[in-house]
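any chance you could fold what I've pasted below:
(one chain, ligands or ions: 2)
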Amino acid sequence: MKWTQYFIPTSKEIPADAAVPSHQLMLRAGLIRQVGAGAYSYLPLGYRSLRKVEAIVREEMNRAGALELLMPALHPIEWWEKTGRVEAMGDVLLRLHGSGDDWRTRTVLGPTHEEVITEIAKAYINSYKQLPVSLYQIQTKFRGEARPKSGVLRTREFLMKDAYSFHASKDGPGGLDETYDRMYKAYCEIFSRAGVPYIPVEADSGAIGGDASHEFMIPTDAGEDYLVQSEDGQYAANLERAEIHPIEGADGEASATINEVHTPNLSTIDDVSNFLKCQPCGMIKTIIFDVDGEPLVALVRGDHEVNEAKLARAAGVSSVTAAQPDMIKKLTGADVGFAGPVGLKARIIVDQAVTLMHDAVTGANKTDYHITGVNPGRDFEVNESADIRNAVEGDRAPNGSPLAFKKCIEVGHVFKLGTKYSDSMEAKFLDNNGKPQSLIMGCYGIGLNRIMAAAIEAHHDENGITWPMAIAPFEVVICALDMRVEEVTTLSNKLHDEMSAEGIDVLLDDRDARPGFKFKDAELIGFPIRITVGKRGLAEGIVEVLMRRTGEVHKIAPGEVISFVTKQIEEAMKNERT
Ligand code: ATP
Ligand code: MG
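Ligands and ions are numbered 1, 2, ... in the order given. Take a look at the predicted model:
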């Protein structure tokens, strides 16, 4: 491929609205162009890279025994109503607007495909003899993301590989656990081959529990999630899921008696702690949740946050939602902001750290009042205590090793679904006793655009992208330094043609431009190998081979270049595995 016949709109300017490196570099290198919030075109160079990611994903899915199919983006809303996800997804589920009850009104744009695949399974899988089976697609997803950001890391339209597996049993040969393990390994292989540094973490899986879900995270400041990792490397989980080693014995003991204090209009932890000159960690935060119309009260320290997933698990319910003011008022008899556990008649789950507190400050269940000198066990009963808060700096992992926090982004997710969708859509098979059973399912998703952007987040320097060889748009660029010198043109063309014939992805920069200009573009785009063909080198009988990542320069005789470059490419593919 020749540069002058290609389409590479590079730019020197740093785009004003691009905050993260991958976004800036993808725009500047001419890989993408924004169409609207959360929607991007992939220009030819960017699309090459995306296609390479796609090829790796496809190869590993096929190797894992999954079969490729293709499902549409247009789904009947009835199927989503059946699984209860019209409500659960809220604004994320994009709907077409029609008049009245016409087909548009009854159509949604698929943000994922559990409903559609389960309908296929329901239609065609009748017997345990047809199981297990794994199906996947690489297809465009639509999601009404409230805040699309960071370029292609979070968009409203993106390419996902989504796989679904169907089983007659959870364990044993052909069971869900077996396929889950195989998919987990396939994911490790995908990220490893793509050269992105990944960390698999235990993820929250709602009501299913156990080790039923893992997310694959890439540490980056551009991410919006946090992962929590123990210093000894033995434990990693997402923040939602991370378990905490119980805090041990707090200082002091109960000494004060309860005292009511007037705190007019002071309803936040900060307001009250400033006013009463106490630390937030000396306050008990009382948060009221709504579980199917009944209040559920959570107590955490003033400097901690309730983790709703942990709370739901501790309470044995599928989910909790924040209570509305009228429920809070009815329960406490006070306005929002003045709730406390003393005298409260409701189910109360007390965070483990709260059980160790002494002489604490909390709400008085009376508008504009708090109480001080509150002691758990003495002033209110502790019937149920659990770990219901988010881990914070200073906490330790279950094995006692200190926890560190890292900002990250999720690139993949494997999930043991069980019978959630087959139950609601009545997708059943006959087991070996001829009895109807719900299909047992797993699902496995990977965002292709996100892998590409995450690779750039992990691999760039001040001059541009430093692509992993496996997903670089081109492996090699030949910079012909003076296209007016016949020797240079002839050799450049010859190298280009021979490399192409060898299957090397090579681009010949045949523009009539200054060397510095060409080099800057080559660095920005980040071709892993740059071959410089120039008058001066040729006089010495060499061309220069520059490795983008390390900056190493090799002077190679023209006749040796192809074998040298072939070897460099092979080695990079091996050494850049993560
Ligand atoms: P997040 O928590 O980041 O919103 P998610 O949990 O909604 O992601 P899944 O539903 O598990 O994501 O989707 C599977 C994969 O699709 C993710 O691991 C990610 O790589 C990709 N993905 C999800 N949402 C987006 C998005 N808005 N833009 C780009 N890729 C996405
Ligand atoms: Mg997820």
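
ok, which stretches of the stretch 1-150 of the chain are helices?
Using DSSP state H, counting those that start in this stretch, the helices of the stretch 1-150 of the chain run over residues 21-28, 44-63, 77-82, 85-89, 114-124.

got it, and the stretch 151-300 of the chain?
176-194, 269-276.

in CSV: these, plus mean neighbour count and mean pLDDT.
The way it works is simple: take the backbone N, C-alpha and C, and place the C-beta from them, glycine included. Conversion of these to CSV gives the following (neighbours: other CB atoms under 10 Å; pLDDT from 0 to 100):
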stretch, mean neighbour count, mean pLDDT
helix 176-194, 20, 98
helix 269-276, 16, 93
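
for the ones you listed, which one sits closest to residue 321?
Evaluated with CB to CB, the helices of the stretch 151-300 of the chain place helix 269-276 nearest to residue 321, the distance being 21.2 Å.

check contacts around whatever residue of the stretch 151-300 of the chain ends up closest to ligand 1.
Closest to ligand 1 within the stretch 151-300 of the chain is residue 158: 3.8 Å, counting by CB to the nearest ligand atom. Neighbour list for residue 158: 140-141, 143, 152, 447-450 [criterion: CB atoms under 8 Å, 6 or more residues apart in numbering].

need the pLDDT of it.
Residue 158 is assigned 98 on the pLDDT scale.

name the nearest residue to it, sequence neighbours excluded.
Excluding its sequence neighbours, the residue lying closest to residue 158 (CB to CB, 6 or more residues apart in numbering) is residue 449, at 4.9 Å.

bridging across strands, which residues link to the residue of the stretch 151-300 of the chain closest to ligand 1?
residue 141 (DSSP bridges).

next, count neighbours for the residue nearest to residue 158.
Residues lying near residue 449 (other CB atoms under 10 Å) number 23.

surely it touches residue 152?
Yes: between residue 449 and residue 152 there is a contact at 4.3 Å, judged by CB atoms under 8 Å.

next up, phi/psi of the single nearest residue of the stretch 401-550 of the chain relative to ligand 1, please.
Of all residues in the stretch 401-550 of the chain, residue 447 sits closest to ligand 1, at 2.4 Å by CB to the nearest ligand atom. Note on residue 447: its backbone torsions stand at phi -90, psi 120 [degrees, to the nearest 10].

what is the burial count for it?
Per other CB under 10 Å, the neighbour tally for residue 447 reads 25.

before we move on, what about residue 355?
For residue 355, the tally of surrounding residues (other CB under 10 Å) stands at 16.

and for residue 551?
Each residue near residue 551 was counted by other CB under 10 Å, and the total is 8.

and the residue of the stretch 401-550 of the chain closest to ligand 1, how far from residue 10?
According to CB to CB, to the nearest Å, residue 447 stands 26 Å off from residue 10.

does the helix or strand bottoming out on mean pLDDT in the chain reach ligand 1?
The weakest-scoring helix or strand in the chain, judged by mean pLDDT, DSSP states H and E, is strand 236-238 (a mean of 88). No: applying CB under 6 Å from any ligand atom, one finds strand 236-238 separated from ligand 1 by no less than 9.2 Å.

neighbouring contacts of that strand?
Contacts for strand 236-238 (CB under 8 Å, 6+ apart): 199-204, 215, 217, 225-230, 243.

7 Å - rerun?
Strand 236-238 has contacts (CB atoms under 7 Å, 6 or more residues apart in numbering) with 199, 201-203, 215, 225, 227-229.

before we move on, what about stretch 415-430?
82-84, 114, 118-119, 121-122, 125-128, 131, 168, 176, 180, 205, 208, 212-213, 436-443.

among these, name the buried ones.
The neighbour-count test (16 or more other CB atoms under 10 Å) marks 82-83, 114, 118-119, 121-122, 125, 128, 131, 168, 176, 180, 205, 212-213, 438-443 as buried among the contacts of stretch 415-430.

out of those, who's near ligand 1?
Okay, of the buried ones among the contacts of stretch 415-430, nothing touches ligand 1 (CB under 6 Å from any ligand atom).

ok, residue 538 touching residue 489?
No: between residue 538 and residue 489 there is no contact under CB atoms under 7 Å: 11.2 Å.

give me the below-cutoff pLDDT ranges for this protein.
Counting by pLDDT under 70, the chain has low-confidence residues at 205-211, 250-251.

who in it is up against ligand 1?
Contacts of the chain with ligand 1, taken as CB under 6 Å from any ligand atom, map to 112, 143, 145, 154-155, 158, 160, 410-413, 445-447, 449-450.

in the strand or helix carrying residue 328, what counts as buried?
For residue 328, the host element (DSSP states H and E) is helix 325-332. Buried residues in helix 325-332, defined by neighbour count with 16+ other CB under 10 Å: 327-328, 331-332.

what bridges to the residue lying closest to residue 278 once chain neighbours are set aside?
Spatially, and ignoring its direct neighbours in sequence, residue 278 is nearest to residue 361 (5.5 Å; CB to CB, 6+ apart). Under DSSP bridges, the beta-bridge partners of residue 361 are residue 283.

show me what contacts residue 39?
By CB under 7 Å, 6+ apart, the contact set of residue 39 is 155-157.

scratch that, residue 347 is what I was asking about
296-297.

need the phi and psi values for it.
In terms of degrees, to the nearest 10, the main-chain angles of residue 347 are phi -70, psi 120.

roughly how far apart are it and residue 291?
Using CB to CB, residue 347 is found at 9 Å from residue 291.

nothing else from me, thank you.
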